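A.B. asks: What shape does this take:
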Amino acid sequence: MFFAFARKSPALWLLGAIYGGLSVGFFYLLKETLIDISIEGGAIVKPISDDVKIWAFAVFAGISIKSLLGISFFNFRYDGGKTFPLGLATFVKIFEPQILKSLETDHYIAFDTFLTNAEQKTSHLSLQDIHNIIRNKVSARFPSAEVNSFLLDLANTQNSRDALSLYLRGFGKRIFYHTFPTRKK
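C.D. replies: Have a look, this model is predicted:
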């Protein structure tokens with residue numbers, strides 16, 4: 001559900017562009033050095049198509065670049081026990097925390113805006129009405145242990161915003177829209 005609210009965040013796309021750019025460079029480095037791969041199934045030997053090879057290399061490059069950027073050769077201690085890495089992880093330590101903080105902020109703002117709009121569109125309903133609507137939608141459709149836990153949390157909500165937030169976080173936007181048709185028309 002995080003992506004549903006953070007997909008418009010410039011920080012998400014910046015993070016993707018940084019890791020994507022590094023992965024492209026690593027991909028082309030790997031592409032020149034790796035040999036052809038083939039799959040053996042029983043007695044049939046069939047080489048992998050070029051499209052599959054490219055995707056396999058791309059996935060491998062993306063995973064590898066994230067792993068390689070986690071390498072630190074030394075850690076310096078400062079300010080009462082905090083550490084700062086020296087190595088490839090230094091690069092990540094410089095840009096990633098600020099981008100992730102910005103991404104969390106963008107997610108919070110989008111989630112809060114969505115919830116405020118939903119709260120306004122359901123303002124004619126009492127807290128008990130919202131509880132009943134959610135209880136009726138959830139009870140028959142999900143595993144009983146999950147439902148019981150959710151319903152206990154729902155019973156402890158003190159206002160409609162908390163109940164709507166709990167339902168949205170627990171079951172996602174699609175089910176929320178199905179239960180409370182609050183989309184703009």
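A.B. asks: what's the burial count for residue 78?
C.D. replies: Neighbour count of residue 78, defined by other C-beta atoms under 10 Å: 9. Where you see a C-beta, it was placed from the backbone N, CA and C, and this is true even at glycine.
A.B. asks: What residue, apart from its backbone neighbours, is nearest it spatially?
C.D. replies: Distances taken as C-beta to C-beta, 6 or more residues apart in numbering place residue 84 nearest to residue 78, at 6.4 Å, with adjacent residues excluded.
A.B. asks: Tell me how far the one you found lies from residue 16.
C.D. replies: 25 Å (C-beta to C-beta, to the nearest Å).
A.B. asks: Would you state the strands of this structure in chain order?
C.D. replies: 38-41, 44-47, 74-78, 82-86 (DSSP state E).
A.B. asks: So the protein: which segments form each domain?
C.D. replies: As given by automatic domain parsing, the domain ranges for the chain are 2-102, 125-185.
A.B. asks: Burial-wise, tell me which of those domains comes out on top.
C.D. replies: Highest mean neighbour count of the domains of the chain: domain 125-185, a mean of 14 (counted as mean count of other C-beta atoms under 10 Å).
A.B. asks: Report the rounded mean pLDDT for that one.
C.D. replies: Average pLDDT, domain 125-185: 87.
A.B. asks: which residues touch stretch 164-174?
C.D. replies: 1, 4, 111, 114-115, 118-119, 122, 130, 134, 138, 150, 153-154, 157, 175-176, 179-180 (C-beta atoms under 8 Å, 6 or more residues apart in numbering).
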